[in-house]
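Trainee: Here is the input, now give the coordinates:
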Amino acid sequence: MLTLEDRVAAAFALRTAERERAPIAPLVHSYPGIDVVDAYEIQLINIRERLAEATSVVGHKVGLSSLAMQQMMGVDEPDYGHLLADMQRHEGALADATQYCAPRFEPEVGFILGADLPGEGCTEEDVLAATEAVTPALELIDSRIANWKIGLMDTIADNASSAGFVLGAARIKPADIDLLNIPVTLWRNGENMAEGNSDAVLGNPVTAVAWLARKVAGFGVHLQAGHVILPGSCTRAIDIRPGDEFVAEFGGLGSVSMNFDGSAA
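Mentor: This is a model prediction of the structure:
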């Protein structure tokens, strides 16, 4: 376990890497004693700093929600990060790919809560009852660790590698769609880059949201009405480059798109 001084230093290194778009070496190289508790505390240090800059928490994201990713990281549960108001992007607004270190997109079935979720003991039934609508979403992930050479401690400390998100226009009640069988295709510049299904997320994206509610409760956090929850990717992540145009199509749920400025740094 790290000292408070080391946690603050690690948080500062990640924040500086993000601001300057200058990725750093994996945290375990500088802090070989780092553990999961340290990593979440480092994440929270940077989240508190950003909240002090007048943004707000608008939701949370689940990472490592596929069995393959958990096996790769050597873990048996997902991780999570925060979604902040200044991370939200909007369809139709041109984004700048050069403001990130190594950005990628992941298509996800987003959940919009209409009621607060219980924490400890939250069930899938609770999630379905509290969800106002599901929506097509793209999560923009980025790593402040050089070349995406991340371990579990790196991605947790780095806000679960989250950097932004965009929601599509559709809002569909959970009862009106089969959440276990939503086919997803991610297109980049008209090319089919990845295909998947909503059940890639822990077998059921609702399961991921319930897990998240229980997990964050241990940190004194609750998932609230109005929050956006991104439960995990339905496909592999695809690199974002200046000038790229992305569209994610979700069977029965519509689509979401995001275009990037063509200038390079």
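Trainee: secondary structure class for R50?
Mentor: In terms of secondary structure, R50 is helix; the call rests on DSSP: H, G, I helix; E, B strand; the rest coil.
Trainee: need the helices for the chain, in chain order.
Mentor: Under the criterion DSSP state H, the chain carries helices at the ranges 4-20, 27-30, 36-52, 67-73, 124-130, 152-157, 205-217.
Trainee: What are the contacting residues of the third one?
Mentor: When you say that, I think you mean helix 36-52. 1-2, 6-8, 10-11, 14-15, 27, 31, 57, 81-82, 84, 86, 152-154, 156-160, 219 (C-beta atoms under 8 Å, 6 or more residues apart in numbering). C-beta coordinates here come from the backbone N, C-alpha and C atoms, glycine included.
Trainee: what's the angle between that helix and helix 4-20?
Mentor: Computed by axes from the mean of the first three to the mean of the last three C-alpha atoms, to 10 degrees, the angle separating helix 36-52 from helix 4-20 equals 50 degrees.
Trainee: Using CSV, write out every CA atom in helix 36-52.
Mentor: Output in CSV follows, covering the C-alpha atoms of helix 36-52 (Å, rounded to 0.1, in the frame of the first residue of the first chain):
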residue,chain,number,x,y,z
VAL,A,36,-6.3,-1.8,-5.8
VAL,A,37,-7.3,0.4,-2.9
ASP,A,38,-4.4,2.8,-3.8
ALA,A,39,-5.6,2.8,-7.4
TYR,A,40,-9.1,3.8,-6.6
GLU,A,41,-7.9,6.5,-4.1
ILE,A,42,-5.7,7.9,-6.9
GLN,A,43,-8.7,8.0,-9.2
LEU,A,44,-10.7,9.8,-6.6
ILE,A,45,-8.0,12.4,-6.0
ASN,A,46,-8.2,13.5,-9.6
ILE,A,47,-12.0,13.3,-9.7
ARG,A,48,-12.1,15.6,-6.6
GLU,A,49,-9.8,18.0,-8.3
ARG,A,50,-11.9,18.1,-11.5
LEU,A,51,-15.1,18.6,-9.4
ALA,A,52,-13.4,21.6,-7.8
